[in-house]
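Q: heads up, no residue letters with this:
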């Protein structure tokens, strides 16, 4: 490696600036800088002009003969290239360093900001694909509709119920993890066996479990229930039972996920701690409650938070097994949006519901993470 | 023919019957003149092409292949040749969008059209879609103005979304003549396929719901009574009376009619509509879901409410339905319940009758009979706002059937337009349609000429079965009071939201059938307002030919 500040042959030595990181001596002429700024601003102006022309055409104010929106895309790409190139022209090696990040930043921004803006535009529109008038901006009408939509609130309430059950799932997962962490026979076999439900597609679970094993007359679980004296076993017959069945099916699929996370956490706890507690006279319960559980809090909180995120996306099992019924008892926000968007082509309203749900999730998760942060502080 | 139906008939073929059929065919061919396998000759010798194509590949001789489809396509080219000169469409390229369900639909069309391409010189590019993707692709193409196909396979319910928006090209008169449009069964004639008096559709399929029942439940001394129920009132009475009885076939508890109580992506609406049609489809009025002058829903009128109430009555009767019926969609009632020996009465498309005899899980193959949609002992007259104590039959033409349409992309280029219509006419040709009716194609019979049972018998089919199975379809198709759904934009949106409200009603979340129906009506009003009431009224009227 060349020592910092050591000059290349034929180059002027600069004694100013960041000599630790900048290894090239840049003597950038004013003309080069001007050219750099010119291409950046020039292409930016081009992009704006093309976008404006296309917008005018799209709104019917002018006709420039554009067949699609590609000219704007191409202009934007030109600007992105010019912006990167301009960095090097204007700032020399500093500009080159920027290039490590800038293209990726532009790419990510293009793929998030534009769709987000477009999504917002749709969310505040009356856009039913069957309507001859196409998309119409309708202000806050969709929010008002959402406010009075019993199906959406019902689905949101269901999500609260579904999420609360995660505590039970967590307890079961913790118990299983403790078992698998203990010195039991065939431990490796059980670890793999317990993970199997997680490997199944939710759609497969829907059909194999929901539609076949739980089938009211011929399903093996129904036969088992009859064997135990239940006359007419019904797993989806009443709202409460149907909701509970969906909860159990989803829990069966995802408990292994929490279990494996907790198991990994358990295995990371130094054995000496438990042994020291034992020496100090702690019994099994106190050992768990005072040593293991507090040490597992960070892992537990992480597992629960990720599980909540998974749970909030619950849709496939519901769509396949109950279609949200009976009477919306098992409906989830996602399955309701699916019906609104796909079956009813209600693109504007469906998009708004999705946006609102996203905002609710972001707020709820932020609060939960703050609370979790507080809980995870070491107890003193 | 639907694949299942073909399997049934194939299963019922015996070698003896096959030989009988072959002999009969030979005799028919001999009467008509020298038999030749060359299609042009066959066609030019006394119209034997119909008998000839039914021999490809031969009933019970395995599933047809692409070579068979091409052969049939070539043998049925005579009608095209009468209107198009050889090589007339050289240089024309067309894009065809259709389905690829069960490797049928577009797969057959490719084979049928290959000889047509060779003769006319046109080239066809294909867009194959799965059923699940079809609606979304079509709707998005329409909404975003990116219709990129010239020929379209489409169900009639979408005519409102396409013809209503000027996206389709009107059918030239020569096409109607070439396909012999007069041969279509009653309900497929105008106004179906037309908008504002213009014809847009080459029909290639028919659809209707028929009544399937267990023959071992009915008859002298049978648990369901001596007679098969003929009205919905009787259906409900028998269903209630069967509570506590034992199924004669399975030994499990007996059940009567199987209502699907769970939605099915909008398609579940057809099943409550079967009941309602008998109450509300008045012979003097083609409309029965909406008032055509105002688009005010009729779904909460006393007739519809009675239909919903009938279902609620059975829900309230413990044991009338199998356990978990609230979670049974039409697929469940048809395939998991009826075919598995649960329940004794069902409304469904033709598939259920055919699957009854071929499906591995079916136990009712030998005890199934068919009929048309039960009647009602009284009907509601929307115009008068009163019940009439008159027996009313109204079979439901659920989904109406597939057709071939030409988009307005070709309207400006006469050569291309003629080519597109010629291709459509070839697929909807009278002779070719006999083959699609008789062999696995995804399509049901839809012409009066398809119900000439002698042709089927000559080809080697079991006449008794064909008459039983197809007879119920024919009776429904040609019924003077057939209930045909509105071909307006977004019709499945109305169905979908109705399913949601019905689900709440059936789960007891609404106080009554009337309240449930009112909730549906309110939701329908919202959809109508969103899509545009005036345009919906205009399109509805256009679809009714008013």
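A: Sure, I can see it. Remember, predicted model here, so these are calculated numbers, not experimental data.

Q: In the stretch 201-350 of chain A, what residue lies closest to chain B?
A: Nearest residue of the stretch 201-350 of chain A to chain B, counting by Cβ to the nearest Cβ: residue A:327, 2.8 Å away. For every residue, glycine as well, the C-beta is placed using N, CA and C.

Q: what's the nearest residue to that residue if we skip its chain neighbours?
A: Leaving aside its chain neighbours, residue A:327 sits nearest to residue B:507 (2.8 Å; criterion: Cβ to Cβ, 6 or more residues apart in numbering or on different chains).

Q: just to revisit the earlier point, residue contacts, the residue of the stretch 201-350 of chain A closest to chain B?
A: For residue A:327, the contact set (Cβ atoms under 8 Å, 6 or more residues apart in numbering or on different chains) comprises A:239, B:503-509.

Q: Can you pull the phi/psi pair for it?
A: phi 60, psi 30 (degrees, to the nearest 10).

Q: Residue B:137 versus the closest residue to chain A within chain B, what's the distance?
A: Residue of chain B nearest chain A, by Cβ to the nearest Cβ: residue B:507 (2.8 Å). Using Cβ to Cβ, to the nearest Å, one gets 34 Å for the distance from residue B:507 to residue B:137.

Q: and what of residue A:139?
A: Residue A:139 is 31 Å from residue B:137, where distance means Cβ to Cβ.

Q: between those two, who's got more neighbours?
A: Set residue A:139 next to residue B:137 and count neighbours by other Cβ atoms under 10 Å in any protein chain shown: residue B:137 wins out with 14 against 10.

Q: Could you say which helix or strand holds the more buried one?
A: Applying DSSP states H and E as the criterion places residue B:137 in helix B:131-143.

Q: what packs against that helix?
A: strand B:93-99, helix B:159-162 (3 or more Cβ pairs under 8 Å, 6 or more residues apart in numbering or on different chains; DSSP states H and E).

Q: Would you mind finding the most buried of the ones you listed?
A: Per residue and on average, the most neighbours among the helices and strands packed on helix B:131-143 fall to helix B:159-162, with a mean of 25 (mean count of other Cβ atoms under 10 Å in any protein chain shown).

Q: Please enumerate residues in contact with that one?
A: Residues outside helix B:159-162 that contact it (Cβ under 8 Å, 6+ apart): A:130, B:138-139, B:142, B:152, B:154, B:168, B:193, B:195, B:200-201, B:405, B:407, B:486-491, B:539-540, B:543.

Q: Repeat that for stretch A:256-268.
A: Contact with stretch A:256-268 is made by A:169-170, A:173-174, A:176-178, A:180-181, A:191, A:194-198, A:292, A:295-296, A:298-300, A:302-304, A:306-307, A:310, as judged by Cβ under 8 Å, 6+ apart.

Q: can you pull the buried residues of it?
A: The neighbour-count criterion (16 or more other Cβ atoms under 10 Å in any protein chain shown) identifies A:256-263, A:265-266 as the buried residues of stretch A:256-268.

Q: how about JSON lines for those, with secondary structure, distance to residue A:66 and pLDDT added?
A: Below are the buried residues of stretch A:256-268 laid out as JSON lines (DSSP: H, G, I helix; E, B strand; the rest coil; distance: Cβ to Cβ, whole Å; pLDDT from 0 to 100):
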{"residue": "A:256", "secondary structure": "helix", "distance to residue A:66": "53", "pLDDT": "95"}
{"residue": "A:257", "secondary structure": "helix", "distance to residue A:66": "49", "pLDDT": "94"}
{"residue": "A:258", "secondary structure": "helix", "distance to residue A:66": "52", "pLDDT": "95"}
{"residue": "A:259", "secondary structure": "helix", "distance to residue A:66": "56", "pLDDT": "95"}
{"residue": "A:260", "secondary structure": "helix", "distance to residue A:66": "53", "pLDDT": "93"}
{"residue": "A:261", "secondary structure": "helix", "distance to residue A:66": "52", "pLDDT": "94"}
{"residue": "A:262", "secondary structure": "helix", "distance to residue A:66": "57", "pLDDT": "95"}
{"residue": "A:263", "secondary structure": "helix", "distance to residue A:66": "58", "pLDDT": "94"}
{"residue": "A:265", "secondary structure": "helix", "distance to residue A:66": "57", "pLDDT": "94"}
{"residue": "A:266", "secondary structure": "helix", "distance to residue A:66": "61", "pLDDT": "93"}
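
Q: And for residue 144, the neighbour number?
A: Assuming you mean chain A. So residue A:144, with other Cβ under 10 Å, has 11 neighbours.

Q: you looked at the wrong chain, it should be chain B
A: Residues near residue B:144, counting by other Cβ under 10 Å, number 11.

Q: Can you flag which of the contacts of helix B:159-162 belong to strands?
A: Counted as lying in strands by DSSP state E, out of those, are B:152, B:154, B:195, B:405.

Q: Do you know the pLDDT at the last one?
A: In other words, residue B:405. On the pLDDT scale, residue B:405 is placed at 97.

Q: and the stretch 151-300 of chain A, which residues reach chain B?
A: Residues of the stretch 151-300 of chain A lying close to chain B by Cβ under 8 Å from any Cβ of the partner chain are A:151, A:211, A:215-218, A:222, A:232-239, A:242.

Q: closest to residue B:146 among those?
A: residue A:151 (31.4 Å; Cβ to Cβ).

Q: For the ones in strands among the contacts of helix B:159-162, please prepare CSV with the additional fields distance to residue B:499.
A: Shown next, in CSV, are the ones in strands among the contacts of helix B:159-162 (distance: Cβ to Cβ, whole Å):
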residue, distance to residue B:499
B:152, 27
B:154, 23
B:195, 28
B:405, 28
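
Q: Quickly list the domain ranges of chain B.
A: Using automatic domain parsing, the domain ranges for chain B come out as B:71-204+B:401-477, B:210-397+B:484-544.

Q: weakest of the ones you listed by average pLDDT?
A: Looking at these, the bottom one is domain B:71-204+B:401-477 with a mean of 90.

Q: now residue A:74, what's its secondary structure?
A: helix (DSSP: H, G, I helix; E, B strand; the rest coil).

Q: burial measure for it, as a count.
A: 13.

Q: Let me know the pLDDT of it.
A: Among the per-residue scores, residue A:74 shows a pLDDT of 94.

Q: quick one: the nearest residue to residue B:430 once chain neighbours are set aside from residue B:402, how far?
A: Nearest residue to residue B:430, sequence neighbours excluded (Cβ to Cβ, 6+ apart): residue B:180, at 4.7 Å. Residue B:180 is 18 Å from residue B:402, where distance means Cβ to Cβ.

Q: still on that earlier bit, tell me which two in the ones in strands among the contacts of helix B:159-162 are the farthest apart.
A: B:152 and B:195 (14.7 Å).

Q: Show me which positions of stretch B:64-83 end up buried.
A: For stretch B:64-83, by 16+ other Cβ under 10 Å, it's B:64, B:68-80, B:83.

Q: Now do the end-to-end distance for it.
A: 29 Å (Cα to Cα, to the nearest Å).
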